[in-house]
Each structure stands twice: as structure tokens, then as C-alpha cells.
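K.L.:
take a look and give me a structure for this.
(2 chains)
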Amino acid sequence: EAGVTQFPSHSVIEKGQTVTLRCDPISGHDNLYWYRRVMGKEIKFLLHFVKESKQDESGMPNNRFLAERTGGTYSTLKVQPAELEDSGVYFCASSPLQWTGELFFGEGSRLTVL
Amino acid sequence: DQQVKQNSPSLSVQEGRISILNCDYTNSMFDYFLWYKKYPAEGPTFLISISSIKDKNEDGRFTVFLNKSAKHLSLHIVPSQPGDSAVYFCAANFGNEKLTFGTGTRLTIIP
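P.N.:
The predicted structure follows:
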């Protein structure tokens, strides 16, 4: 069974440009989460989808970040326009609707804003 | 305001000895605690967890201890092996499954 997959694995863009990160959760997982880790800091919650609905977006830094999960399958996280402080590793995680005691993480998308 | 704290950014332990990683939390609502392990360029992988109704959970070489009164948990790895070298994240949640993570502790096992 395929795990959580994320694309791209690494993206280098200039300040002011736009980047879109994609996450494909484990098949059948209705919960999908986005997290971010800035160098040396904690893995910080961004938002949580249940199917196609945003359950909690309290961690989204500002309105330059837009997450979607059309159809309740894969999700995208767009940063527009990107700023230097957006650099970090963006992790996606998924879990079944019924809590099983863990989240399954993807390998992350590293974003570098120059 | 960090609700989950890992105050040791790094730890080095001799192979075969015990590794003890510590984690403190401030939110008394947390009722479930997890440890994740992360290798470079990979995502975090689940290691072990403990519910607040217990004070110890063991899985092979890994044991997690929870002290609710002190709001403290620890992960014990014994014996430590070279493959245990990784960054370990402590995480906690209550009810809604959103995990709150600490900053991680980089464990290095010295052969």
C-alpha cells in the first residue's frame, strides 16, 4: 500500500513567486493535515481537512497561504507570493476518520525562498 | 507559546547503553502522547505512544514513561543501536487529533 506522497520534494523559488505543493494521502484516509518545520524548530500545525472540508485552519500563517482538497482526495498548498520566512519543510500527514493513534507522514516538501 | 518542549536539542549515547529523551508539556488537556522518529530527508515515523490513563508503555527496546503530575514524559531506548541515530519528536493531543510537536532531540549513537 502506498504511503503519503508529496510533490515536489524540493522547490527553490525567488521571493514574490508562487509555489504549489501537492499531497496524496493514503487511500481511504479522510483526515489530511499540513504541517511545517522551519529549521531547528518544532513541527508546526497548519491545517486539517476532513474529506474536502477544512476542519481547523488555525495554524495558517496568513492569507498568502491557500490550501484546497477538492473531491476529498489529494490536497494542494499554495503560497502566493512567497516570502523569505516561508522557507522550511512542509509535511503532509493523513489518518483514517476513526482515530487509530497515529498520523502517517509524507517525506515532506522542502521550500527554499531566495 | 510552546506547549510541548524538548529542552535537549542533542544527545550522544554509547552503543549498547540506555538513551533517555525527555519532553515536558504545559497543556493539562493533553491526554495522548506520541514519539516520532525522523531520519534526514524522510518524514517522521510513529514510534510509540501512551494514553494519559497509563504511566508506562513498552514496545521492545522502547519504553515511554508518563508523569502527569509533573507534566513530563520520557522515552527510554535500551540497548541503543546505531540505527537509532535520528531526530526524535515528542507530540501530544487531545480529542481532535491535531498533534502538537516539540522541537526535537537529535540522538547520536556512538559505536
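K.L.:
just the strands in the chain please.
P.N.:
Here I'm looking at chain A. Counting by DSSP state E, chain A has strands at residues A:5-7, A:10-13, A:19-24, A:31-37, A:43-50, A:53-56, A:65-68, A:75-79, A:88-95, A:104-105, A:109-113.
K.L.:
wrong one, chain B
P.N.:
Ranges of strands in chain B, per DSSP E, are B:4-5, B:10-14, B:19-25, B:32-38, B:45-51, B:56-59, B:62-67, B:72-77, B:86-93, B:100-101, B:105-110.
K.L.:
now render the ones you listed as CSV, adding mean pLDDT.
P.N.:
Below are the strands of chain B laid out as CSV (pLDDT from 0 to 100):
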stretch, mean pLDDT
strand B:4-5, 96
strand B:10-14, 98
strand B:19-25, 98
strand B:32-38, 96
strand B:45-51, 96
strand B:56-59, 98
strand B:62-67, 98
strand B:72-77, 98
strand B:86-93, 96
strand B:100-101, 96
strand B:105-110, 98
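K.L.:
Throw the ones you listed into TSV and include mean neighbour count and distance to chain A, thanks.
P.N.:
C-betas here are computed from N, CA, C, even on glycine. TSV is the format used below for those (neighbours: other CB atoms under 10 Å in any protein chain shown; distance: least, CB to the nearest CB, whole Å):
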stretch	mean neighbour count	distance to chain A
strand B:4-5	20	7
strand B:10-14	14	11
strand B:19-25	21	11
strand B:32-38	22	7
strand B:45-51	17	4
strand B:56-59	12	11
strand B:62-67	18	13
strand B:72-77	20	15
strand B:86-93	23	6
strand B:100-101	22	4
strand B:105-110	18	10
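K.L.:
how about B:Y39: what's its closest non-neighbour residue?
P.N.:
Leaving aside its sequence neighbours, B:Y39 sits nearest to B:A86 (CB to CB, 6 or more residues apart in numbering or on different chains; 5.2 Å).
K.L.:
and the residue of chain B closest to chain A?
P.N.:
Residue nearest to chain A within chain B (CB to the nearest CB): B:G43, separated by 3.6 Å.
K.L.:
does that residue really touch A:R110, like I thought?
P.N.:
No - the criterion here is CB atoms under 8 Å, and B:G43 misses it with A:R110 at 11.6 Å.
K.L.:
contact partners for the nearest residue to the residue of chain B closest to chain A once chain neighbours are set aside?
P.N.:
Spatial nearest neighbour of B:G43, excluding adjacent residues (CB to CB, 6+ apart): A:F105 at 3.6 Å. A:F105 makes contact with A:V4, A:Y35, A:F91, A:C92, A:A93, B:Y36, B:G43, B:P44, B:T45 under the criterion CB atoms under 8 Å, 6 or more residues apart in numbering or on different chains.
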